[in-house]
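Enquirer: Need coordinates for the following:
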Amino acid sequence: MSGDMVKESESEHNVCLVGLACAENLNLIESVSKLGVSVLYSNDGIDHYSQPNNNKTIIFIVDPFDGNVFEELKRLEATIIGPPVAIKCAQLGIPIPTNSRPLYCQIMSGMIVCFTGYKEKEELQRLVALVQNMGGSVRKEISSRVTHLIASTTRSDKYRMAVALGSQIFTEKLVLECWDRRDDVTFTSTGNDFVTLLDARLKPFHNLHIALAGFTPDEIVQVETLIVKNGGKFVEVGDSLCQTIVVDHLSKVELNVDVSRSNKVDVVTAEWFWTSIQMDVCADQMIYLFNSRRASVSGAGSSTPSGVSSVRKRRCPEDKLRELASDGGETSRCYSSTSSPALKHARPSFPGSPALNDTVFSLDGTLAQTDSNKPLEDTTAFIITAEMSKRHQVAIELYQTETNYVSILSTVIDVFKMPLETLLREGKPIIVAEDIRSIFSSIEDVHKVHSALCNELRILLNSWTESSAIGLSLLKHSDTMFNAYKPYINFFEMSKENLQRCMQTNDRFHAFVKLGQSRPQCHRQVLRELMIRPVQRLPSVILLLQDLVKRTDVSNDDRVKLEEALTKIKSITILINEDKRKTECQVQMFEIHQQIDGIPAVILSSHRKFITKIDVVQLLDTELTSKSDMLTLFLFTDILEIGKRRGSVNRSSKFSGSGSPAISSKNYHKTYKHVEMIQLRDIKRVVDITESDEFVNVLLWC
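Expert: Predicted coordinates:
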């Protein structure tokens, strides 16, 4: 076939199909014919390279990109492309590119790649060639122009720089899987199908050997699972392969290790672990060193304990992360507002995870503070003394509990809610907006009303007299308080369930919460404990008001206002509890409607309440059911719904105090099929059959 001309053209190029595979590729031949070029055939292409036709540049189409023919043309610096390039150019109606390097396809076109961690020269050369053969560019050094880092380690300067620059980081699996799909002309690095390669991302703990210290047995099981899931390997403290020791710095731990190896071991706090999972990259160990020091280990043959030795109680002020992330130390529990951020008259702004994320991998390793992050100073201290009246003392106690409560709400908002919303706005969500709203509900409204109340109490205490109108201040905020607490308490159970679900199903959210809980202002309390405080607050306010009323003389003008405020807040709790019961009933009705296939929509009625359900077995054949059918009876205040069970029913449904099942909303498939809805007024009689060996739990209605 050598030298045979298929089509004459005025094009500046001739195309030579090299080898049998190209000559028999009908799609390729048809595509080339559309490009307006002369087509030649050759077994090896050498004859056309040495004797060019009409002084035109010859583009050699070769498949595969290996073997003697390919290597010889490459040595001769001929223009070489693969069939996918010609086919794609024909589809787009553009000329064939004349690259100086062989170009098999353009899957990685537009990608600028850098490599790190590859010590074998031949392996690196092979990967570089594959990237270039797919249209990608390769750079020796990492820079802002690099779009992808191909890494085999997380312990390199290039990796740190790539994280700081926001480059995507993958393993060599990205290159190999792209090469496997080299003949798919519809597949590109910017196409929707490229998301199928996201599992090629480098995991945060890729090939890291990690040991744990100071964790409880249950925590070790949980953390070990996350280590393996995120590409690491769990080892015991003292293992010769250990590279990183994660210390739970909130516990008292004494670390004495003898590791015989010449390298160094990073001893880091638990924040490093949780930050890495949250950000889905390996955080810089140097920022999270335990006790702000890097532990050196002894060289081979040393019999003395290594530098990872006798690490005792943590010192919060010296912890690197605390210095970076805190606004001035832990929130004190003392009652002096001069020393306790808990008693600031405006809520402090604590830097959230997005700020931490921006600085963890910054080039200088510092945290950029803004004026908005500085807590406001309160120069007034309210200290209870024996000379004060009882009313004055209770008023100070009310203020102190309010300021501590506002501080707790500020912590939930600033450490958890706001960072999640910031990440969502930046397009880097940890959880979706719906989950954020569900978990935190109206907590900002609750914070707003109590901050205002706290400020007014502070003003009253600054100019205290026995006639100070505390009751009037409480009455002023009572309506706003009701509107703020109503949705929070009504949906608190749902909020807890969604928090637990996200913690169990989303590793990044789990890490985010763990990282937040380790912050000083959380005082070692978990998020769910902080979230329950609004539920507990109004009853405690009632108790304090009762004491304040008792300590206020009947002749005091504030006595009447305090009694009105006490009555108002009591009525608020009653209304909220009643509204909560109605809301729970409506949620139950909706969930039942979602679980029963074919149930009439009239089941959803504001006057109807769900009472209980019971699983039964049909004993006789009827028009709608057959003997031995597995049925469930749903009893409401005015109707009886009969549903037929499909397969296994969730037996884990919990019952409330009234005997109502909390039907899970997580069942995505209909559990029941509607059989019949009976009005209770149409049931004339219910017969409870006496139990015997033959009849157990049997009833009959007609």
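Enquirer: so how far is the first residue of stretch 279-286 from its last?
Expert: One end of stretch 279-286 to the other measures 17 Å (CA to CA, to the nearest Å).
Enquirer: Give me the buried stretch members for that stretch, please.
Expert: M279, D280, V281, C282, A283, D284, Q285 (16 or more other CB atoms under 10 Å). Yep, even glycine has a C-beta here, placed from its N, CA and C like the rest.
Enquirer: Quick check: the two most widely separated of the residues you listed?
Expert: D280 and Q285 (16.6 Å; CB to CB).
Enquirer: hang on, the earlier thing: so which of the buried residues of stretch 279-286 belong to strands?
Expert: Under the assignment DSSP state E, these contribute nothing to strands.
Enquirer: Looking at the residues you listed, which is nearest R681?
Expert: Nearest to R681, judged by CB to CB, of the buried residues of stretch 279-286 is D280 at 60.1 Å.
Enquirer: ok, now how distant is the closest one from K203?
Expert: Noted for D280: a distance of 8 Å to K203, by CB to CB, to the nearest Å.
Enquirer: Need the buried residues of stretch 279-286 in a markdown table (columns: pLDDT and distance to S441).
Expert: Output for the buried residues of stretch 279-286, formatted as a markdown table (pLDDT from 0 to 100; distance: CB to CB, whole Å):
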| residue | pLDDT | distance to S441 |
| --- | --- | --- |
| M279 | 85 | 27 |
| D280 | 88 | 28 |
| V281 | 90 | 32 |
| C282 | 92 | 35 |
| A283 | 90 | 31 |
| D284 | 88 | 36 |
| Q285 | 86 | 37 |
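Enquirer: Including distance to R524, could these go into JSON lines?
Expert: Formatted as JSON lines, those follow (distance: CB to CB, whole Å):
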{"residue": "M279", "distance to R524": "23"}
{"residue": "D280", "distance to R524": "26"}
{"residue": "V281", "distance to R524": "27"}
{"residue": "C282", "distance to R524": "26"}
{"residue": "A283", "distance to R524": "22"}
{"residue": "D284", "distance to R524": "25"}
{"residue": "Q285", "distance to R524": "24"}
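Enquirer: So which of the residues you listed sit within helices?
Expert: M279 (DSSP state H).
Enquirer: and of the buried residues of stretch 279-286, the nearest to R528?
Expert: Proximity of the buried residues of stretch 279-286 to R528 was ranked by CB to CB; the top entry is M279 with 23.4 Å.
Enquirer: Strands of the stretch 101-250 of the chain, residue ranges please.
Expert: Residue ranges of the strands in the stretch 101-250 of the chain, as given by DSSP state E, counting those that start in this stretch, are 112-116, 137-139, 148-151, 168-170, 209-213, 233-234, 244-247.
Enquirer: Please name every helix or strand in contact with the second one.
Expert: Translated: strand 137-139. Packing partners of strand 137-139 (3 or more CB pairs under 8 Å, 6 or more residues apart in numbering; DSSP states H and E): strand 112-116, helix 121-133.
Enquirer: strand partners of it, parallel vs antiparallel please.
Expert: Partner strands and pairing direction for strand 137-139 (DSSP bridges) are strand 112-116 (parallel).
Enquirer: same thing with the third one?
Expert: If you go by DSSP bridges, strand 148-151 pairs up with strand 112-116 (parallel), strand 168-170 (parallel).
Enquirer: pLDDT of that strand, averaged?
Expert: Averaging pLDDT along strand 148-151 yields 94.
Enquirer: cool, and the last one?
Expert: Per-region confidence: strand 244-247 scores 92 on mean pLDDT.
Enquirer: ok, now stretch 486-503?
Expert: Per-residue pLDDT over stretch 486-503 has a mean of 88.
Enquirer: Next: stretch 614-628.
Expert: Mean predicted confidence for stretch 614-628 is 79.
Enquirer: Quick check: nearest residue in space to F115, chain neighbours excluded?
Expert: Closest residue to F115 apart from its sequence neighbours, by CB to CB, 6 or more residues apart in numbering: I150 at 5.0 Å.
Enquirer: Likewise for L640?
Expert: Nearest residue to L640, sequence neighbours excluded (CB to CB, 6+ apart): I678, at 4.6 Å.
Enquirer: which residues sit in contact with the one you found?
Expert: Going by CB atoms under 8 Å, 6 or more residues apart in numbering, I678 touches I639, L640, E641, I642.
Enquirer: Mind listing what's buried along the helix or strand it falls within?
Expert: Assigning secondary structure by DSSP states H and E places I678 in strand 672-679. Neighbour counts over strand 672-679 (16+ other CB under 10 Å) mark Y672, H674, V675, M677 as buried.
Enquirer: next one: stretch 523-539
Expert: Here stretch 523-539 shows H523, L527, L530, M531, R533, P534, R537, L538 as buried, counting by 16+ other CB under 10 Å.
Enquirer: Would you mind writing the CA trace of stretch 422-433 as PDB?
Expert: The C-alpha coordinates for stretch 422-433 follow below in PDB (Å, rounded to 0.1, in the frame of the first residue of the first chain):
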ATOM      1  CA  THR A 422     -19.100  30.600  54.600                       C
ATOM      2  CA  LEU A 423     -17.800  27.400  53.000                       C
ATOM      3  CA  LEU A 424     -21.200  27.000  51.300                       C
ATOM      4  CA  ARG A 425     -21.100  30.500  49.800                       C
ATOM      5  CA  GLU A 426     -17.500  29.900  48.600                       C
ATOM      6  CA  GLY A 427     -18.600  26.700  46.800                       C
ATOM      7  CA  LYS A 428     -16.800  24.400  49.200                       C
ATOM      8  CA  PRO A 429     -19.800  23.000  51.200                       C
ATOM      9  CA  ILE A 430     -19.300  20.400  53.900                       C
ATOM     10  CA  ILE A 431     -23.000  19.900  54.300                       C
ATOM     11  CA  VAL A 432     -25.900  21.300  52.200                       C
ATOM     12  CA  ALA A 433     -27.800  24.400  53.100                       C
END
